[in-house]
Every structure is written in structure tokens, then in C-alpha cells.
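Participant: I would like the atomic coordinates for the input below:
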Amino acid sequence: MDISHNGQSSKIQIPGVKRYDFQPYESNGGSIVAIAGNGFAVIAADTRLSSEYTIHTRNQNKLFPLTAKTVLGSTGCWSDTLALTSLVQIRTKMYEQEHMKIMPTEAAAHMLSILMYNRRFFPYYVSNILVGLDIENKGVVYSYDPIGHCEKSMYKASGSAGSLLQPVLDSLIGAKNVVAQKCSPFTDFNKERAVSIASDAFISAAERDIYTGDTAAVNIITKDGCEVRELQLRKD
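Facilitator: As a prediction, this is how the structure comes out:
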């Protein structure tokens, strides 16, 4: 913010003194897709880590398992991602040791919201989506804004290609502007259908977004545990 007095700027240039701007954030790209259904939850994230036109690595996993039924996907500024996810994993282990039970997905979602809100004056520059199974073994998806506001839904996309991925989910899962208003907004589908939709969405986004590509890691959460798959994307 530039504060001025009597039309004169406060940014006074002093001879012989160099001025450096502080830029604490850097976007390292990456995209996430999450879909939940009856008895399962699917989350996928690409593995490309880049900044501007430089690719740092093509094999960086952006999915962080918290429990056997809960997975956190995080993209954005990679240093903030590492700081936040390590804190969340530590708090998850502390909960397990203190209460002698695994942290439920609902509790993990609430904890993540509080941790992000505590940093609201200097927020984590990340896009988070947390998925898992609730106490009734139904899939849930929680998405967050930078200061921790949480929204529960059945599907969500975020990250650098979020604006490309979300319309695909709205059409194929939410059936937005496809069926009559009196019909259910969610079509009946199983986990394989959800994986197929997430895969098609990533293949399409990789053609348009230079920060999304190489490989997509897919985690499929059911009551039996978490299954991990890989989807090959374009590498240029």
C-alpha cells in the first residue's frame, strides 16, 4: 500500500540505497480432483512441480495420507504445502496417541480449518482438498479457501487447472443444466466410474494447462483401505 501526503509518495528514492521487494509466495502449480460416492472417495493430483516456465520435478506426489480413511491433497506454494501438511500429520498422530483411536475424517477436516484460520493474517498459499469416509462409510469431500473456510460437497477441483476441471465434474457428475431441476443433481455411479471421470478430466486439463502434466496419482479410499494408482499424462 502506497501512503502519500499532499500528493507526494512515501516511496522516497535515497541515492546509494537499493530497495528490495519481499515476495513470500510462489505458485508451483498442480491440480487436484476429488469425487465422493456411497462407500468410496477418489482423489487425484498431478505430479508436476514447476514455477513459471521451469519444471523442477515430474514426480512429486501431492497426496498426503493422514489415516487409512482420510487423504489430504495440497497444491500451490510448495514450501507452504510442506509446512502445512507436516503440521497436520503431526496433529493427527497426537490425536491418535491422546484419544487412543484413529482421527475421523470429520475431525481431520475441522482441524485443518482451524490450522489455516490461525494463519489468516499470513495465510498458507495452498489449495487444499481433504477426502475420506465418514462414520457411516460414505465418501465426503472438503475444500478450503486460503484462510480455512470449509465447504463439504460430493466433488471438487482446485489448483492451477481448477477452472478447467470443475466444469467437467459439474457436467458428468452434477449434471448441471443437463437434467430437469426435479431430478437428483447426482447421477448414480461407482468408484470405477469416478476414477474414469477424474482420469478424463486430467487428460483434458493437461492439454491446456502447462502446470499440469506428467503423471496423475490416484488414491481410492474404501472401507478396506486406500488403493493407489497412476495415470500417465503428457510430458511436454
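Participant: can you pull out the helices in the protein?
Facilitator: With DSSP state H as the criterion, the chain has helices at 78-99, 105-117, 162-172, 191-206.
Participant: Go through those and name the closest to residue 22.
Facilitator: Evaluated with C-beta to C-beta, the helices of the chain place helix 78-99 nearest to residue 22, the distance being 14.5 Å. Using the backbone N, CA and C atoms, a C-beta is placed for each residue, glycine as well.
Participant: Give me the contacts around the closest one.
Facilitator: 25-26, 28, 49, 60, 62, 64, 66-67, 72, 74-75, 102-103, 107-108, 111-112, 115-116, 124-126, 128 (C-beta atoms under 8 Å, 6 or more residues apart in numbering).
Participant: returning to that earlier point: highest average neighbour count across the helices of the chain?
Facilitator: Mean neighbours per residue, mean count of other C-beta atoms under 10 Å, is largest over these for helix 191-206, with a mean of 20.
Participant: Tell me how far it lies from the chain's centre.
Facilitator: 16 Å (C-alpha atoms, centre = their mean, to the nearest Å).
Participant: Among the contacts of helix 78-99, name the buried ones.
Facilitator: 28, 49, 60, 62, 64, 66-67, 72, 74-75, 102-103, 108, 111-112, 116, 124-126, 128 (16 or more other C-beta atoms under 10 Å).
Participant: Show me these that map onto strands.
Facilitator: 49, 64, 66-67, 72, 74-75, 126, 128 (DSSP state E).
Participant: Just put these in a markdown table and tack on distance to residue 192 and pLDDT.
Facilitator: What follows is these, written out as a markdown table (distance: C-beta to C-beta, whole Å; pLDDT from 0 to 100):
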| residue | distance to residue 192 | pLDDT |
| --- | --- | --- |
| 49 | 29 | 95 |
| 64 | 24 | 97 |
| 66 | 24 | 96 |
| 67 | 24 | 94 |
| 72 | 23 | 97 |
| 74 | 26 | 96 |
| 75 | 25 | 95 |
| 126 | 30 | 94 |
| 128 | 26 | 96 |
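Participant: Tell me which two of those residues sit farthest apart.
Facilitator: So, these by C-beta to C-beta: farthest apart are 49 and 67, at 25.3 Å.
Participant: Identify the residue nearest residue 133 in space, chain neighbours excluded?
Facilitator: Nearest non-adjacent residue to residue 133, counting by C-beta to C-beta, 6 or more residues apart in numbering: residue 69, 4.5 Å away.
Participant: And residue 53, by the same measure?
Facilitator: Nearest to residue 53 is residue 210, by C-beta to C-beta, 6+ apart, at 7.6 Å.
Participant: The one you found: neighbouring residues, count only.
Facilitator: 15 (other C-beta atoms under 10 Å).
Participant: how near is it to residue 176?
Facilitator: Per C-beta to C-beta, to the nearest Å, residue 210 is found 27 Å from residue 176.
Participant: now do residue 95
Facilitator: 37 Å.
Participant: Model confidence for residue 203, exactly?
Facilitator: pLDDT, residue 203: 94.
Participant: hang on, it packs against residue 213?
Facilitator: No. Residue 203 is beyond contact range of residue 213, at 10.1 Å (criterion: C-beta atoms under 8 Å).
Participant: For these two, list the residues in contact with both.
Facilitator: What both residue 203 and residue 213 touch, as defined by C-beta under 8 Å, 6+ apart, is the set residue 233.
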